[in-house]
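[1] no FASTA, just this:
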């Protein structure tokens, strides 16, 4: 996210200066492709690169210092790099930087709300046994996002089928649903259920997540995970359509209190 932010600001600075990429490259002594790679976030600009760009565009000392600091922060390694063998895409970095995570799920409890045993049951079904423990550890590390001081808000909505689909043993489901009831007490967590009785609804096409960020300059990103790979939607029109869909799903879902009541009822069924 910091790399995207830096790239966007450097591109805007050049455009505001009235210089074309070719002219900026010539004055900086760079190739045209280097300017393009930096402005699209494909190449990480060094502190020296940013300083040179600021000098060229006549950027004031305050913004200059801020951008040079941002370049340094973009090079910092996030906690998830320790699990680079598990988190191969860019989603975790975006999730870690988000201020609001809006999530719609149709098959499983969202990863940030999964218990260790539930996660292990899911991962065991999808991965070779030698990978399971490593992936479970990574998921549990990821879950700490919701309890840190600057934790994002999580608005999670999932289909009633998620509650009723047995994953692992009855004990695993009982503990998982109990964990949902506890998580819902967090001030930064909202958990709601879309009941079967809602019938046809806007979320039938599948699960997706909308990531929003505190800095207004950082546009929302929609993430869709599938068998064919991960999809990141950043087009303004497509993101807006997804946001409208999420609003429609939200309107069809139960209020938080009724959702907790339904979760409790289903939980009791697992232990009866």
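    Right, received. Where do you want to start? Just so it is clear, the structure is predicted and the values come from calculations on it, not from any experiment.
[2] tell me which element the residue positioned nearest the centre of the chain falls in.
    Of all residues in the chain, the one closest to the mean position by C-alpha atoms, centre = their mean is residue 95, 3.0 Å from it. Using DSSP states H and E, the element containing residue 95 is helix 91-97.
[3] ranges for the strands of the stretch 101-250 of the chain?
    All strands of the stretch 101-250 of the chain, identified by DSSP state E, counting those that start in this stretch, fall at 153-159, 189-194, 208-212, 221-226, 229-233.
[4] Show me what the second one is packed against.
    The helices and strands touching strand 189-194, judged by 3 or more C-beta pairs under 8 Å, 6 or more residues apart in numbering; DSSP states H and E, are strand 153-159, helix 160-164, helix 170-183, helix 236-252, helix 256-271. The way it works is simple: take the backbone N, C-alpha and C, and place the C-beta from them, glycine included.
[5] Likewise for the last one?
    If you count contacts as 3+ C-beta pairs under 8 Å, 6+ apart, strand 229-233 packs onto strand 221-226.
[6] list the buried ones in the strand it packs on?
    221, 222, 223 (16 or more other C-beta atoms under 10 Å).
[7] could I get those as TSV with distance to residue 187 and pLDDT?
    Listed next are the buried residues of strand 221-226 as TSV, based on distance: C-beta to C-beta, whole Å; pLDDT from 0 to 100:
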residue	distance to residue 187	pLDDT
221	24	93
222	25	95
223	24	95
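[8] Take the residues you listed and write them to JSON lines, including distance to residue 86.
    Output for these, formatted as JSON lines (distance: C-beta to C-beta, whole Å):
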{"residue": "221", "distance to residue 86": "20"}
{"residue": "222", "distance to residue 86": "22"}
{"residue": "223", "distance to residue 86": "16"}
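[9] Understood, closing this out.
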